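Participant: pasting a predicted model and its sequence here:
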Amino acid sequence: MFDTLIQPFVEFAFMRRALVGMFLLSVSTAPVGVFLMLRRMSLTGDAMSHAILPGAAIGFLFAGLSVTAMTIGGLIAGSLVVLLSGFTARKTGTGEDSNLAAYYLTSLAAGVMIISMSGSNVDLMHVLFGSALGLDNTALILLYIISAITLVCLTLIYRPLVLECVDPDYLKSISRLGSVAHYGFLILVVLNLVSGFHAMGTLMSVGLMVLPAAISRFWVKQLEPMIVLSVLIAFSACLTGLLLSFYFNIPTSPMIITTLGATYFLSIFVGLNNGIATRFLMKKQKHLSA
Amino acid sequence: MLDFHNLTLGYNRHPAVHHLTASINSGDFVALVGPNGAGKSTLMKSILGHVSPMEGEIQFRGITREDVSYLPQASAVDRQFPLTVEQFVASGLWQEKRTHKAYRKVDFDTVKDALVKVGLAGFEKRTLDALSGGQFQRLLFARKLMQQAKLLLLDEPFTGVDEQTIDDLMVLLTKLHGQGATIVAVIHNLNLVRRYFPKTLLLSRELIAIGETQTVLSPENLLRASTIGFGDHVHAEVCEVPERV
């Protein structure tokens, strides 16, 4: 049993690389996901992740499957869509969500078109679903740098960001850091989605951000434990997903996300905090003791 | 502490407060009374600098805006956010702690102290979603205590709050006043005003009266306030004051 879990990593360098990459990704993307959920922006994150595609595609057009070119392209496209949808919403008085939807759908379609025109279907699959098992040195260094930046920045804006979520009026009355926290956080989201897309692909990267947070909310009540737990959940799912995809020859990133999905589904029922079964039992207990 | 000189405030040229001249002195315990749309909240926001005067000015005597602490009418607090009572109240120390300074044991003692004062002793580790409406209002007061402001502005602090909580919090405010704080509160319940507030500012888009509560809340003044202040300020006539750009 133990062998089954360890053997692939001992034997194959690409599995070890994948493991390191997934660790780096989990450590930074899961905490960002917790704040994304608490700001009720999980779907915004999803939209943003799709918006990255045309940028990555243009990078691909110029430099092929180059990590650097696709990263820079993705960063520019992601930030542009976020800024544009915010700008359109403010200037036209229409809702930010519909504008974001319009922008991201357009850019997703444009991205798929650009890649299909110049590359093969394999390339398209690579960009959409990533290649956790094919992470090269440049990709690992990139993941490392983005993780480090994320953790440092998140620490710096932690307090204003928490207050901006809980009580924005209060923060406004005592400090001007509210917008710094808001935009700083959005940049971190884009950064992590871009870093995630090398391993997980643009379609799946947001899953590793949003799902661990959504799961941990069913188990703990306080913010700090929630962040720690979501990192643990993210990494465990990556580990499980890697092994399952190794033994059963299934694409890695969908395997990781379905693992998270199954955990989420289970947590809805048995989660200690607001899980359906737990609620039911507590009600019954109250009833009996009354 | 605060002087309003011929102060006119409004949105889109429609004045909500008209040519107000009045003073709030250090150590005052003032109820701000007036019908809906009388400009009470607008006046508070102008003190905070969120609304700038169309005409006239506000002068700060011996204090700066930093010394002013404000409790808004409808707080936009996300009570589902996974924060504990203790952490929430501790955010009242922002001026001292900012983004990075560590919280020490003495800070948590201060938090505990504030919670005892508002009647929430032992609630430290509870999360925000476990509090009732009244308890939550007490929590907001506890955080106000941490800020040690010289001037407290409270905008309808007792709307939708139970009697017991109102009494407890009024006693707390009286104590704070005794310790030297200046307090201005928007209050609708006139019985409450008569019982606790020595001074009243009766506002109805323009100043009706300011001074001792008993004198200000005379039947004549209240009648005048209700006839002038009737309706929404949006429908007020455009004031003949050149718009500032």
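Facilitator: Okay, I see it.
Participant: now residue 54. Nearest residue, chain neighbours left out?
Facilitator: Since you didn't name a chain, this refers to chain A. Sequence neighbours aside, residue A:111 is the residue nearest to residue A:54 in space, at 3.9 Å (criterion: C-beta to C-beta, 6 or more residues apart in numbering or on different chains). C-beta here means a position set from N, CA and C on the backbone, and glycine is covered the same way.
Participant: was after chain B, sorry
Facilitator: residue B:8 is the one closest to residue B:54 (C-beta to C-beta, 6+ apart), at 4.7 Å.
Participant: and the host helix or strand of that neighbour, what does it pack onto?
Facilitator: Under the criterion of DSSP states H and E, residue B:8 resides in strand B:2-11. Strand B:2-11 sits against strand B:14-24, helix B:40-48, strand B:55-60, with contacts defined as 3 or more C-beta pairs under 8 Å, 6 or more residues apart in numbering or on different chains; DSSP states H and E.
Participant: about what we covered before: how close does the residue nearest to residue B:54 get to chain A?
Facilitator: Plainly put, residue B:8 is 24 Å away from chain A if you go by C-beta to the nearest C-beta, to the nearest Å.
Participant: and for that residue, the neighbour number?
Facilitator: By other C-beta atoms under 10 Å in any protein chain shown, the residues close to residue B:8 number 21.
Participant: what parts of chain B come near chain A?
Facilitator: Contact residues (C-beta under 8 Å from any C-beta of the partner chain) of chain B with chain A: B:48, B:69-70, B:72, B:75-78, B:81-84, B:87-88, B:91, B:94-95, B:97-100, B:127-128, B:143.
Participant: any weak-confidence spans in the chain?
Facilitator: I went with chain A, as the question did not name one. Chain A contains residues with pLDDT under 70 at A:289-290.
Participant: wrong one, I was asking about chain B
Facilitator: For chain B (pLDDT under 70), the answer is B:74, B:229-245.
Participant: what are the ranges of the strands in it?
Facilitator: For chain B, the strands defined by DSSP state E cover B:2-11, B:14-24, B:29-33, B:55-60, B:68-71, B:151-155, B:182-186, B:199-204, B:206-212.
Participant: coming back round to it: how about the helices and strands packed on strand B:2-11 in JSON lines, adding mean neighbour count?
Facilitator: JSON lines is the format used below for the helices and strands packed on strand B:2-11 (neighbours: other C-beta atoms under 10 Å in any protein chain shown):
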{"stretch": "strand B:14-24", "mean neighbour count": "20"}
{"stretch": "helix B:40-48", "mean neighbour count": "21"}
{"stretch": "strand B:55-60", "mean neighbour count": "15"}
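Participant: residue A:136 is nearest to which of these?
Facilitator: Closest of the helices and strands packed on strand B:2-11 to residue A:136 is helix B:40-48, at 54.9 Å (criterion: C-beta to C-beta).
Participant: which outside residues touch the closest one?
Facilitator: Helix B:40-48 is touched from outside by A:173, B:2, B:7, B:9-11, B:16-17, B:20, B:32-34, B:51-53, B:58, B:65, B:68, B:70, B:73, B:153, B:155, B:184, B:186, B:203, B:233, with contacts defined as C-beta atoms under 8 Å, 6 or more residues apart in numbering or on different chains.
Participant: contacts for the helix or strand hosting the residue nearest to residue A:54, please.
Facilitator: Following DSSP H and E, one finds residue A:111 within helix A:96-118. Contacts to helix A:96-118, defined as C-beta under 8 Å, 6+ apart, come from residues A:43-44, A:47-48, A:50-51, A:53-58, A:60-61, A:77, A:81-82, A:84-86, A:88-89, A:92, A:123-124, A:127, A:202.
Participant: what distance separates that helix from the centre of its chain?
Facilitator: Chain-centre distance of helix A:96-118: 19 Å, with C-alpha atoms, centre = their mean, to the nearest Å.
Participant: now swap in stretch B:29-37 and tell me
Facilitator: With C-alpha atoms, centre = their mean, you get 10 Å for stretch B:29-37.
Participant: just stretch A:77-84 next, same as before
Facilitator: The answer for stretch A:77-84 is 17 Å, by C-alpha atoms, centre = their mean.
Participant: what residues of stretch A:141-151 count as buried?
Facilitator: For stretch A:141-151, the neighbour count (16 or more other C-beta atoms under 10 Å in any protein chain shown) marks A:142, A:143, A:146, A:147, A:149, A:150 as buried.
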